[in-house]
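In: based on what follows, work out the 3D shape:
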Amino acid sequence: MTKRSLGIFALFIIDTLTIFMVLQGAIFLRKDVLPRFHEFPVYPHESFTFFWWVFPVWLFFLAYEGLYSKRFSFWDEVKMLWKVIFFATLATFSILYLGKVGERVSRTVLVLMGIISIPVFPAVRLNAKKFLIFVGLLKSKVLILGAGKTGELIFNALKRDKNLGLNVVGFLDDDPAKIGGRIGGVKIHAGVDKAHKYIGRCGIEDIVIAMPGCEKNKFISLVNRLQHKARNIILIPDLFGITVLGTNLQHFFQEQAIGLEVKNNLAQPANILIKKVFDLFVSVILLIFLAVPMMIIAALIKISSPGPVIYSQERRGKNDRPFKCYKFRTMFSDAEERLDSLLQSSEETRNEWKHNWKLRNDPRITKIGRFLRRTSLDELPQIFNVLKGEMSLVGPRPVTKREIDAYYREQAKLCFGVLPGITGLWQVSGRNNTGYDYRVVLDSWYVRNWNLWLDIVILFRTIRVVFNGEGVY
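Out: Below is the predicted model of the structure:
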């Protein structure tokens, strides 16, 4: 048995134990906790042994979705696991209905099992995978062909997402200037055409071809020669900057060609409605949970310095419509005068302001304001902008007319054809540590690649960034 096969078997056992743990938790809640709050009917078969048929159903969907055969990035695996939970729960109810045994089985147990699994299953499985990758059972050796800018970009991507389990052990390149050098501590070797020798000699399982400038015939010959020697080949085409999420691959078999179908997701009425409903639903839930903390923050602002609690500034929204963007006040009332004085007295400050439109050591900010900014709590009142339909939970940054004219230029129509967001891709990609031009790139990428799962991922990553205080000043 190979290391990978052993790792997959270990993952299968861990999944089975997780299903058992979740099922036992659901049975415990149904039998010992919920009856204290509400009267439930008593079923004679409310035990683990009666629900044995749940295991093959759940394990079937895990296998069907490729969770034992494919490699997924961290967030893609979370999405697939939630998909499995939904369909497995749906399937168990279908079995009860078709078997006409619904009245003899506690359906509450099956519902609770699905609910408990949403946080538990990803947490257990992803941490188990992390351990199995660490000990080498699910780790694969990768050879990157091409040590240029594209090769380095892919190396950094694979290194960042450890859930893929792809360990780059070397580069191959034909450029004499690169041979013998290193990228991230990994050596660059000579001879792209020698890749097949490394596969057998070094136990290489996956090949990444990152040579967008390679001549066509050489590229095709290389792929065809390596296809049956390596387990997987990842091709990196010279298509950086185009839409990638939701892009479909079209096959033209007779012509031996492929095509990429790129959709404008946010131009479809159904997607616009889905995003709107998601924004309103989540905003109402957030407002219910955050009402008391927001009142406490308002009281602290009022006590700490004179001036209004809420600060509003005109920003540009969808289709360049102006609106008042709400925030908790974090600055002194004479903030503009302080800024003008500072910009006139310091060239270094002027350059920082021009580059970021923010100052690292901003004297205009109050003590409570500095805390609110560090935790991003100052942006909580923008929930009301979402409820008013002026903003979205996730979207491009709400900016001023001056910023649009200075930085967005030809990207303005794209970025502001949708509602601006409380959070967005730039906030989870370095935040204030990124230059303004890069923020524009991130905003335009978000609009081109939107789907609901991307919004969910950004919201989860925003929570992590806020708690870690990454890139805030």
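In: number of residues surrounding Pro396?
Out: Using other CB atoms under 10 Å, Pro396 has 29 neighbouring residues. For the C-beta atoms, the positions are set from N, CA and C on the backbone; glycine is no exception.
In: my bad, Trp75
Out: Neighbour count of Trp75, defined by other CB under 10 Å: 18.
In: what's the offset of the one helix or strand it maps to from the middle of its chain?
Out: Assigned by DSSP states H and E, Trp75 belongs to helix 74-98. Its chain's C-alpha centre and that of helix 74-98 lie 21 Å apart, by CA atoms, centre = their mean, to the nearest Å.
In: name the helices or strands packed onto it?
Out: On a contact count with 3 or more CB pairs under 8 Å, 6 or more residues apart in numbering; DSSP states H and E, helix 74-98 meets helix 54-64, helix 107-134, helix 452-468.
In: what about that helix, average pLDDT?
Out: Model confidence over helix 74-98, given as mean pLDDT, is 91.
In: pull out the buried positions in that helix.
Out: If you call a residue buried by 16 or more other CB atoms under 10 Å, then helix 74-98 has these buried ones: 74-82, 84-85, 87-89, 92, 95-96.
In: show me the contact partners of that helix.
Out: Under the criterion CB atoms under 8 Å, 6 or more residues apart in numbering, residues 53-54, 57-58, 61-62, 65-67, 72, 102, 105, 107, 110-111, 113-114, 117-118, 121-122, 125-126, 129, 161, 163, 453, 457, 460 lie in contact with helix 74-98.
In: cool, stretch 215-232 as well?
Out: Outside stretch 215-232, the residues touching it (CB under 8 Å, 6+ apart) are 140, 145, 192-193, 195-196, 199-200, 204-207, 209, 211, 214, 233, 235.
In: just those: which are in helices?
Out: 195-196, 199-200 (DSSP state H).
In: per the record, what domains does the protein have?
Out: 3-134, 140-240, 269-330+365-468 (automatic domain parsing).
In: of all those, which one is nearest Asn248?
Out: Asn248 sits nearest to domain 269-330+365-468 of all those, at 12.6 Å, using CB to CB.
In: from the chain's centroid, how far away is that closest one?
Out: 17 Å.
In: what distance separates the start and the end of it?
Out: With CA to CA, to the nearest Å applied, domain 269-330+365-468 spans 37 Å between its terminal residues.
In: same question for stretch 223-231.
Out: Using CA to CA, the end-to-end distance of stretch 223-231 comes to 12 Å.
In: average pLDDT across that stretch?
Out: On average, stretch 223-231 scores 85.
In: just stretch 271-284 next, same as before
Out: Rounded mean pLDDT across stretch 271-284 is 93.
In: what comes up buried for that stretch?
Out: Neighbour-count burial for stretch 271-284 [16+ other CB under 10 Å]: 271, 275, 278-279, 282-283.
In: now do it: everything it contacts.
Out: Counting by CB under 8 Å, 6+ apart, residues outside stretch 271-284 touching it are 265-266, 383, 386-387, 392-393, 450-452, 455, 459.
In: with just CA atoms, put that stretch into CSV.
Out: Output of stretch 271-284 as CSV, limited to C-alpha atoms (Å, rounded to 0.1, in the frame of the first residue of the first chain):
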residue,chain,number,x,y,z
ASN,A,271,-27.8,36.2,-9.0
ILE,A,272,-28.6,39.8,-8.3
LEU,A,273,-31.7,38.6,-6.3
ILE,A,274,-29.7,35.9,-4.5
LYS,A,275,-27.1,38.4,-3.4
LYS,A,276,-29.7,40.9,-2.3
VAL,A,277,-31.6,38.3,-0.2
PHE,A,278,-28.4,37.1,1.3
ASP,A,279,-27.4,40.6,2.3
LEU,A,280,-30.7,41.4,3.9
PHE,A,281,-30.9,38.1,5.8
VAL,A,282,-27.4,38.2,7.2
SER,A,283,-27.7,42.0,8.0
VAL,A,284,-30.8,41.5,10.0
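In: okay, now the unreliable bits of the protein?
Out: The chain contains residues with pLDDT under 70 at 1, 39-49, 99-104, 240-244, 246, 254-256, 334-362, 430-434, 469-473.
In: can you name the next helix or strand after the helix ranked longest in it?
Out: Secondary structure of the chain read by DSSP H shows that its longest helix is helix 269-304. Next helix or strand after helix 269-304 toward the C-terminus (DSSP H and E): strand 310-316.
In: name the helices or strands packed onto the helix or strand just after that next one?
Out: Per DSSP H and E, strand 310-316 leads on to strand 322-328 as the next helix or strand towards the C-terminus. Packing partners of strand 322-328 (3+ CB pairs under 8 Å, 6+ apart): helix 269-304, strand 310-316, helix 382-387.
In: which of these is buried the deepest?
Out: Among those, judged by mean count of other CB atoms under 10 Å, the one packed with the most neighbours on average is helix 382-387 (a mean of 20).
In: relative to Ile258, how far out is the residue nearest to Ile233 when sequence neighbours are not counted?
Out: Of all residues not flanking Ile233 in the chain, Ile207 sits nearest, at 4.9 Å (CB to CB, 6 or more residues apart in numbering). According to CB to CB, to the nearest Å, Ile207 and Ile258 sit 19 Å apart.
In: which of the two has more neighbours?
Out: Ile207 (25 against 10).
In: format the domains of the chain as a markdown table; extra columns: distance to Asn248.
Out: Formatted as a markdown table, the domains of the chain follow (distance: least, CB to CB, whole Å):
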| stretch | distance to Asn248 |
| --- | --- |
| domain 3-134 | 16 |
| domain 140-240 | 14 |
| domain 269-330+365-468 | 13 |
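In: quick one, which of those gets closest to Leu249.
Out: Of the domains of the chain, the one closest to Leu249 (CB to CB) turns out to be domain 140-240, at 11.6 Å.
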